[in-house]
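# build me a structure from this.
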Amino acid sequence: MAAIPEHRCTLDEYIELDKKSEERLEYFDGAVVSMSGGSVSHNRIAINVITGLHSRSANRECAVFPGDMRLKVPKAPPYRYADVVLVCGSPLIEKIQGLDVLVNPTLLVEILSESTEAYDRGSKFLAHQSIESFEEYLLIAQDRPYVTTHYLRQHSPERDYFNVELVPAS
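Prediction:
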């Protein structure tokens, strides 16, 4: 998946550009970055994750969304994308300039590539933590059959934080 800055624009210009675009574009303080161009491997993994989550969550009142679902991220306006999204309960949608933006994701899945891995593990994960409903973050390697990291939100009276659950390779 390529993450190459396209050009700089205002937030309103970005939203208008994103409305017309066939590819996923993210906005970073004036920079518009293309998040499209997934490899065959990336797309196969995404399909497998979507299929697996859908079959396991069908009778749990959960919904699975592919990578074109916009996510409201309070610390990263106006929204971001994940490769796969799971919502348990009714999906809450907010309109941002006519676009559907999901407010309450439960699980976010990122399929790592060389160009996005540091961002997915770093600033994107930190921004996602501002989503109140966000409970799990799954990072999947693209170059081998391996879940690299599974973060689970831990709630305690003192603080709210994410803890890494080590996932054995299968």
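# what ranges does the chain have for its strands?
In chain order, the chain shows strands spanning 4-8, 25-28, 31-34, 62-66, 70-71, 80-81, 84-88, 93-96, 99-102, 107-111, 136-140, 147-155, 160-165, with DSSP state E as the criterion.
# how about the residue nearest to residue 109 when sequence neighbours are not counted, what does it touch?
If the residues on either side of it in the chain are set aside, residue 109 comes closest to residue 84, at 3.9 Å by Cβ to Cβ, 6 or more residues apart in numbering. Every C-beta, even on glycine, is put in place using the N, C-alpha and C of the backbone. Contacts for residue 84 were tallied using Cβ atoms under 8 Å, 6 or more residues apart in numbering; they are 46, 49, 50, 53, 64, 65, 66, 67, 107, 108, 109, 111.
# ok, back up a step: winner for burial among the strands of the chain?
Among the strands of the chain, ranked by average contacts under mean count of other Cβ atoms under 10 Å, first place goes to strand 107-111 (a mean of 24).
# shouldn't residue 149 be in contact with residue 121?
Yes - using Cβ atoms under 8 Å, residue 149 and residue 121 qualify as a contacting pair, with a distance of 7.5 Å.
# what sits in contact with each of these two?
Between them, residue 149 and residue 121 have residue 139 as joint contacts when contacts are counted by Cβ under 8 Å, 6+ apart.
# now do the same contact list for the most centrally placed residue in the chain.
For the chain, the residue whose C-alpha lies nearest the mean C-alpha position (Cα atoms, centre = their mean) is residue 82; its distance is 1.9 Å. When contacts are counted by Cβ under 8 Å, 6+ apart, residue 82 is found next to 67, 69, 71, 105, 108, 109, 110, 128.
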